[in-house]
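Trainee: predicted model follows, preceded by the sequence.
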Amino acid sequence: KNIAELIGPFPEKTPLNARVTGVIQRDGFRIEKLIYESQPGFFVTAALFVPENLRGKAPAILYCSGHSDAGFRAPPYLSMALNLVQKGFVVLAFDPIGQGERWQYFNPQTGRSDFGPGNSTREHSRPGSQCFLTGDSLARHMIWDGIRSIDYLLTRPEVDAARIGITGRSGGGTQSAYLAAVDDRILAAAPENYLTTFESVLKMRGPQDAEQNFHRGIAHGFDQADLLIARAPQPTLIIATSRDIFNIEGTQTAFAEGSRAHRALGGTDSMVMTVDDAEHTSTKKNREATYAFFRKHLHHPGDSTDEAIARPSEDELRITETGQVLTALRSETVFTLNRRRAEALAQKLDKRRRDLPAHLPAVKADAARLAGHTPLVQEQAPAGVFTGRYRRNGYAIEKYLLPVGDRYAIPILALVPDQASTKVVLYLHPRGKSAQAGIGGEMETLMK
């Protein structure tokens with residue numbers, strides 16, 4: 001419930017309007033190139049990998065791609081999808097927002113994103129920052145893409161709705177962890193190279209790109225282990241590497257927290273972890289652990305050996321006519337969707353402003369809430385630590401350190417006229433307290 005409130009209400013489900021734009025035939029399976037709408041006019045490009053000669057309905061895997069300009073076509077992600085379909089799973093791999101054929105800032109003149117090659121994180125963080133301003137997050141849009149992708153999977157006659165799995169690495173690990181927590185149709189989840197703790201992330205690297213942050217998530221007490229707890233006791237595999245950018249100590253902490261929830265709800269071995277000695281990458285050991293995990297929990301026995309399978313080229317896997325939904329389909333973007341949200345909020349604000357006696361106190365309350373301000377009671381009012389004093393003509397300059405709880409201290413200057421006064425001006429300057437403290441400066445002028 002708390003995670004759902006953090007993400008915010010999802011849109012209503014509207015027709016997917018799914019269509020196949022082409023088929024690639026391979027030995028033992030085929031690849032259908034797909035377009036569907038997760039929201040009206042907001043197009044998702046994807047590929048469905050279908051094993052041939054199925055005997056009845058098959059288990060299905062939603063594959064979430066990590067950061068790459070190519071989306072799901074990048075070699076590490078595509079190889080995983082090919083191995084899974086070769087092992088008899090139906091696999092749906094889709095382009096995340098800002099990647100593959102869904103660049104949000106595509107420039108037709110240059111034929112690439114305005115951020116240049118290798119900058120899919122900026123394709124996420126630019127619209128994500130705009131979403132934060134409206135109380136939204138890019139995560140909500142990406143999660144909704146995944147939910148609608150599962151909706152599409154369940155329209156397929158080849159798919160067993162009771163045997164749905166999800167996996168993905170890096171940014172795809174983020175998406176798969178999110179979706180596994182919020183969508184109960186997912187039986188088995190294997191997020192890779194993502195799960196840790198926010199404390200570890202902030203100490204090591206600072207905030208990651210926008211979709212890895214819910215709006216005010218940490219302020220509401222949310223941490224990544226909560227995604228695991230929300231799934232308990234459904235089968236869950238954490239896939240990690242010991243030298244990842246997502247700190248392994250934090251991963252172990254999240255695993256311990258999640259495991260306690262799984263055990264408490266009767267899942268004695270429902271949550272497991274595989275770790276390999278590597279950096280932020282996919283390893284053979286971890287891939288084979290993933291195949292074995294899905295074979296076990298999606299009731300699809302067989303070999304779990306990782307194979308080298310010939311990959312279709314990016315050009316073969318191009319889904320739209322132009323290679324981008326913006327130019328081929330005039331797709332909505334996160335910007336246009338968020339702009340409509342902002343316009344609706346502005347209308348509410350205009351209506352609220354018509355009742356100023358009620359509006360102005362609400363403005364103060366909102367400002368305090370957004371700033372995280374806690375008012376001091378009189379007994380808590382801090383006493384400044386006096387650190388020095390010197391005189392000028394007609395006044396003195398006193399220096400203090402003003403403690404803020406036990407967290408830090410603010411250095412301040414006080415210009416005190418020789419003639420007693422009860423009037424006080426609080427003076428702030430973007431270059432700091434001394435910028436206008438000199439003789440003839442604004443502070444002296446106000447003091448006189």
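Mentor: Right, received. Where do you want to start?
Trainee: tell me how far residue 322 lies from residue 100.
Mentor: Distance, residue 322 to residue 100, using Cβ to Cβ, to the nearest Å: 13 Å. The way it works is simple: take the backbone N, C-alpha and C, and place the C-beta from them, glycine included.
Trainee: mind checking which of these two has more residues around it?
Mentor: residue 100 (30 against 14; other Cβ atoms under 10 Å).
Trainee: so that one sits against residue 67, correct?
Mentor: No: counting by Cβ atoms under 8 Å, residue 100 sits too far from residue 67 to count as a contact (11.1 Å).
Trainee: give me the common contacts of those two.
Mentor: Residues touching both residue 100 and residue 67 (Cβ atoms under 8 Å, 6 or more residues apart in numbering): none.
Trainee: now the helix ranked longest in the chain: mean pLDDT?
Mentor: The longest helix of the chain (DSSP state H) is helix 334-353. On average, the pLDDT along helix 334-353 is 96.
Trainee: what helices or strands is the helix or strand that comes right after that helix leaning on?
Mentor: The C-terminal neighbour of helix 334-353 among helices and strands, as given by DSSP states H and E, is helix 356-371. Packing partners of helix 356-371 (3 or more Cβ pairs under 8 Å, 6 or more residues apart in numbering; DSSP states H and E): helix 334-353.
Trainee: restricting to C-alpha, output the helix it packs on in PDB.
Mentor: Extracted C-alpha coordinates of helix 334-353, given in PDB (Å, rounded to 0.1, in the frame of the first residue of the first chain):
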ATOM      1  CA  VAL A 334       7.100  12.100 -20.800                       C
ATOM      2  CA  PHE A 335       7.400  15.900 -21.300                       C
ATOM      3  CA  THR A 336       4.000  16.200 -23.000                       C
ATOM      4  CA  LEU A 337       2.300  13.900 -20.500                       C
ATOM      5  CA  ASN A 338       3.800  15.800 -17.600                       C
ATOM      6  CA  ARG A 339       2.900  19.100 -19.100                       C
ATOM      7  CA  ARG A 340      -0.800  18.200 -19.000                       C
ATOM      8  CA  ARG A 341      -0.300  17.100 -15.400                       C
ATOM      9  CA  ALA A 342       1.300  20.500 -14.700                       C
ATOM     10  CA  GLU A 343      -1.500  22.400 -16.400                       C
ATOM     11  CA  ALA A 344      -4.100  20.600 -14.300                       C
ATOM     12  CA  LEU A 345      -2.200  21.400 -11.100                       C
ATOM     13  CA  ALA A 346      -2.000  25.100 -12.200                       C
ATOM     14  CA  GLN A 347      -5.800  25.200 -12.700                       C
ATOM     15  CA  LYS A 348      -6.200  23.800  -9.100                       C
ATOM     16  CA  LEU A 349      -3.800  26.400  -7.800                       C
ATOM     17  CA  ASP A 350      -5.600  29.300  -9.600                       C
ATOM     18  CA  LYS A 351      -8.900  28.100  -8.000                       C
ATOM     19  CA  ARG A 352      -7.300  28.000  -4.600                       C
ATOM     20  CA  ARG A 353      -5.900  31.500  -4.900                       C
END
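Trainee: what does it contact?
Mentor: 39, 42, 97, 104, 127-128, 130-131, 133-136, 138, 141, 358-359, 362.
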